[in-house]
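1. coords below, sequence missing:
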């Protein structure tokens with residue numbers, strides 16, 4: 001199994017997918033690949049627009065994508081995919097569409113068999129057992145929280161340490177503490193922007209200049225850097 005799970009698509013002041021593009025290039029390899037793109041997390045813009053936006057960046061690294069919405073048979077498109085890429089947006093909408101199209105089990109089987117998987121934001125969240133550590137508003141009812149279950153831990157993308165100024169609500173850490181109180185056996189990775197998790201050859205590592213924050217019930221939150229060993233997260 002090969003996974004590249006990216007926290008966010010765009011850092012402030014940068015172009016779309018600028019910071020992760022060379023990691024994506026290394027992950028996919030030198031030979032040009034037309035990857036299957038899943039744009040279902042898009043809400044306020046079209047799937048065609050999303051596909052074009054990703055292709056504009058991928059052209060710079062010698063790869064391209066074709067969106068699943070162009071195929072009459074989405075399941076067959078997954079079966080033939082050389083790589084699967086799931087873009088960010090609204091996780092609830094993404095999960096609803098994945099289930100409506102019957103794609104959760106077939107994508108899981110495909111990725112477990114070795115097809116490379118890249119996700120950012122919502123696309124990283126759905127690599128986890130459930131969507132329950134998303135930051136997104138539940139704009140639709142997905143019917144179930146279950147997602148691809150490619151890794152046994154949860155990811156909180158765009159992890160923030162502080163609340164915005166003049167905001168009196170809970171911090172992100174407090175929200176995650178609520179989650180692990182109700183889900184005591186589950187690790188949560190607070191994946192800060194500008195970072196990503198890379199799984200390959202039975203090893204999990206962090207890429208990026210910022211640390212990840214690791215949460216589990218009964219354990220003090222732990223900061224971990226790119227030099228640290230993350231393999232303990234893979235134990236079920």
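-> Good, I have the coordinates. Small disclaimer: the values here were computed from a predicted structure and weren't measured. Numbers count the residues shown, from 1 in each chain.
2. check contacts around residue 7.
-> By Cβ atoms under 8 Å, 6 or more residues apart in numbering, the residues touching residue 7 are 120-121, 124, 157-159, 191-196, 208. C-beta here means a position set from N, CA and C on the backbone, and glycine is covered the same way.
3. again, only this time at 10 Å
-> Under the criterion of Cβ atoms under 10 Å, 6 or more residues apart in numbering, the contact list for residue 7 reads 20, 88, 120-121, 124, 155-159, 189-197, 208, 210, 212.
4. in the protein, which residue is most central in space?
-> The residue lying closest to the centre of the chain (Cα atoms, centre = their mean) is residue 124, at 0.9 Å.
5. and the closest residue to that one other than its chain neighbours, what element?
-> Distances taken as Cβ to Cβ, 6 or more residues apart in numbering place residue 5 nearest to residue 124, at 4.0 Å, with adjacent residues excluded. Assessed by DSSP states H and E, residue 5 sits inside strand 3-6.
6. residues making contact with the helix or strand following that strand?
-> Beyond strand 3-6 in the direction of the C-terminus, DSSP H and E gives the next helix or strand as helix 21-28. Helix 21-28 is contacted by residues 2-4, 6, 15, 17, 20, 35, 57-58, 60-63, 82-83, 85, 116-118, 120, 196, 198, 200, 207-208 when judged by Cβ under 10 Å, 6+ apart.
7. from these, which land in strands?
-> The strands, defined by DSSP state E, take in 3-4, 6, 35, 85, 117-118, 120, 196, 198, 200, 207 from these.
8. by neighbours, which of the residues you listed wins?
-> residue 117 (29 neighbours; other Cβ atoms under 10 Å).
9. from what I can see that one touches residue 197, true?
-> No - using Cβ atoms under 10 Å, residue 117 makes no contact with residue 197, being 11.6 Å away.
10. which residues do those two both contact?
-> In contact with both residue 117 and residue 197: 3-5, 124, 127, using Cβ under 10 Å, 6+ apart.
11. in TSV, list these along with distance to residue 78.
-> Below are the shared contacts of residue 117 and residue 197 laid out as TSV (distance: Cβ to Cβ, whole Å):
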residue	distance to residue 78
3	16
4	18
5	19
124	18
127	15
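12. which two from those residues end up farthest apart in space?
-> For these, with distances taken as Cβ to Cβ, the pair at the greatest spread is 4 and 127 (9.7 Å).
13. okay, and the common contacts of the two?
-> Residues touching both residue 4 and residue 127 (Cβ under 10 Å, 6+ apart): 117-119, 197, 199.
14. buried stuff in stretch 114-127?
-> 115-127 (16 or more other Cβ atoms under 10 Å).
15. now for the residue nearest to residue 10 when sequence neighbours are not counted: which residues touch it?
-> Leaving aside its sequence neighbours, residue 10 sits nearest to residue 16 (Cβ to Cβ, 6+ apart; 5.3 Å). By Cβ under 10 Å, 6+ apart, the residues touching residue 16 are 9-10, 53-54, 56-57.
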